[in-house]
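>>> model the following, please.
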Amino acid sequence: MNIAGYLAETATWVEEALDRFLPTADREPKRLHEAMRYSIFAGGKRLRPALVRAACHALGGSDEDAASSACALEMLHTYSLIHDDLPSIDNDDLRRGRPTCHKKFGDATAILAGDALQTQAFQVLAERTPRAQVIPALVLELARAAGSDGMVGGEIADIEAEGQLPDRATVEFIHERKTAALLRAAVVMGGLAAGAQGEPIEVLRDFGTKIGLAFQIVDDVLDETGTAESLGKSPGKDRATGKMSYPAVVGLEASRARARELAEAAIEGLGALQTSEILASLAAFSVTRVK
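Alright, predicted model coming up:
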């Protein structure tokens, strides 16, 4: 599987859907909608939409089935990036190779653009999902992944751990929530959007957890080894701010080995699913990427 080609194709597909589902930049309040679109169309891997799409296809669904979940996840992920970049959290000037939302539009507009994208995600699920019977399950999955037991809970744990002695249990607690929760939701929502339930969903849930952890470990490694040009954001932030990262606990080589181990286990666990080649390729990509 040419995963670079699949990701590029998926990016085009999801960006066309996002363009349809988001308010236009000339709609009032214009500055808010401009900021939302500035951030959501800043590029990126579009890995979460790719996972939604691949999982949906693996369980017999279509692009039409997958579109609302893919867009909702990308909106919610983008909101989290806007807020993470703010001076009160990570204080980043660069995101995907260009000024962060608050640098371009100011802190207040950035906060509100993030808020609007978060709520737009749930509106899209409610209004744009073709299988009406799966909407409650999709909304619940995304809400659980995004809230205090998921991404937001991981974010606050990450902030509270700054400057503390590195501890593996704490790092894994943060990673499971801050990153793995949304990647797990992506594959589960793809399966749900296809109309699946029961054992296939649990297989996807386990797969998503493992690749989510692997993905964040690789992110930690790249923060130590990458450049602003290759990453599209400022490197070295974890060490500079005393972040609790995987390399800080076990070192770079052990971190790389753990990421590979998780990806291999995720792929092996897909044996219960047919037509999962793309999911396996995405798992491999999560640990071989360079940005």
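>>> test my guess that L183 contacts R48.
Yes - between L183 and R48 a contact is recorded at 6.7 Å, counting by CB atoms under 8 Å. In this view, the C-beta of every residue, glycine as well, is placed from N, C-alpha and C.
>>> and D92, how far from L117?
Note on D92: its distance to L117, by CB to CB, to the nearest Å, is 17 Å.
>>> equivalent analysis for R98, please.
From R98 to L117 the distance is 17 Å (CB to CB).
>>> look at those two and report which has more neighbours.
The neighbour count for R98 versus L117, taken as other CB atoms under 10 Å, is higher for L117 (26 against 15).
>>> sec struct for that one, please.
helix (DSSP: H, G, I helix; E, B strand; the rest coil).
>>> residues contacting it?
36, 39-40, 75-76, 78-79, 82 (CB atoms under 8 Å, 6 or more residues apart in numbering).
>>> elements contacting the helix or strand harbouring A50?
A50 belongs to helix 47-58 when assigned by DSSP states H and E. Helix 47-58 is packed against helix 3-21, helix 63-84, helix 180-193, helix 199-225, helix 277-288, with contacts defined by 3 or more CB pairs under 8 Å, 6 or more residues apart in numbering; DSSP states H and E.
>>> so what touches the helix or strand following the first one?
Later in the chain than helix 3-21, the nearest helix or strand by DSSP H and E is helix 30-40. Helix 30-40 is touched from outside by 18, 22-27, 74-75, 78, 81-82, 95, 101, 104-105, 109-110, 112-113, 116-117, 120, with contacts defined as CB under 8 Å, 6+ apart.
>>> so which bits of helix 30-40 are buried?
32-40 (16 or more other CB atoms under 10 Å).
>>> now, which of those sits nearest A169?
S39 (33.4 Å; CB to CB).
>>> how near is that closest one to T100?
Taken as CB to CB, the span from S39 to T100 is 8 Å.
>>> now the common contact residues for these two.
With CB under 8 Å, 6+ apart as the test, S39 and T100 both reach I82.
>>> next one, pLDDT for K233 please.
At K233, the model reports a pLDDT of 50.
>>> before we move on, which element is G60 in?
Residue-wise, G60 maps onto no helix or strand under DSSP H and E.
>>> ok, it - contacts?
Neighbours of G60 in contact, by CB under 8 Å, 6+ apart: 194-196.
>>> in the protein, what spans have low per-residue confidence?
1, 226-242, 274-275 (pLDDT under 70).
>>> let me know the outermost residue of it.
The centre of the chain is farthest from one residue, E28, which by CA atoms, centre = their mean lies 28.6 Å away.
>>> distance of it relative to K104?
Counting by CB to CB, the gap from E28 to K104 is 19 Å.
>>> follow-up on the earlier one: out of the contacts of L117, the closest to L140 would be?
L76 (13.9 Å).
>>> which SSE is the closest residue to the closest one other than its chain neighbours in?
Excluding the flanking residues, the one nearest L76 by CB to CB, 6 or more residues apart in numbering is A121, at 4.4 Å. In this structure, A121 sits in helix 107-128 according to DSSP H and E.
>>> what residues of that helix count as buried?
Buried-residue list, helix 107-128, by 16+ other CB under 10 Å: 109-114, 116-118, 120-122, 124-125, 128.
>>> then that helix to CSV, C-alphas only?
What follows is helix 107-128, C-alpha atoms only, in CSV (Å, rounded to 0.1, in the frame of the first residue of the first chain):
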residue,chain,number,x,y,z
ASP,A,107,-5.6,35.5,21.6
ALA,A,108,-9.3,36.2,22.0
THR,A,109,-10.3,35.3,18.4
ALA,A,110,-8.1,32.1,18.6
ILE,A,111,-9.9,31.0,21.8
LEU,A,112,-13.3,31.6,20.2
ALA,A,113,-12.3,29.9,16.9
GLY,A,114,-11.3,26.8,18.9
ASP,A,115,-14.6,26.9,20.8
ALA,A,116,-16.5,27.2,17.6
LEU,A,117,-14.7,24.3,15.9
GLN,A,118,-15.4,22.1,18.9
THR,A,119,-19.1,22.7,18.8
GLN,A,120,-19.2,22.6,15.0
ALA,A,121,-17.8,19.0,15.3
PHE,A,122,-20.9,17.8,17.1
GLN,A,123,-23.2,19.8,14.8
VAL,A,124,-21.7,18.1,11.8
LEU,A,125,-22.2,14.6,13.3
ALA,A,126,-25.8,15.4,14.1
GLU,A,127,-26.6,17.0,10.7
ARG,A,128,-24.4,15.3,8.2
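>>> what's the first helix or strand after it?
helix 135-146.
>>> what's that following helix packed up against?
Counting contacts by 3+ CB pairs under 8 Å, 6+ apart, helix 135-146 is packed against helix 63-84, helix 107-128, helix 180-193.
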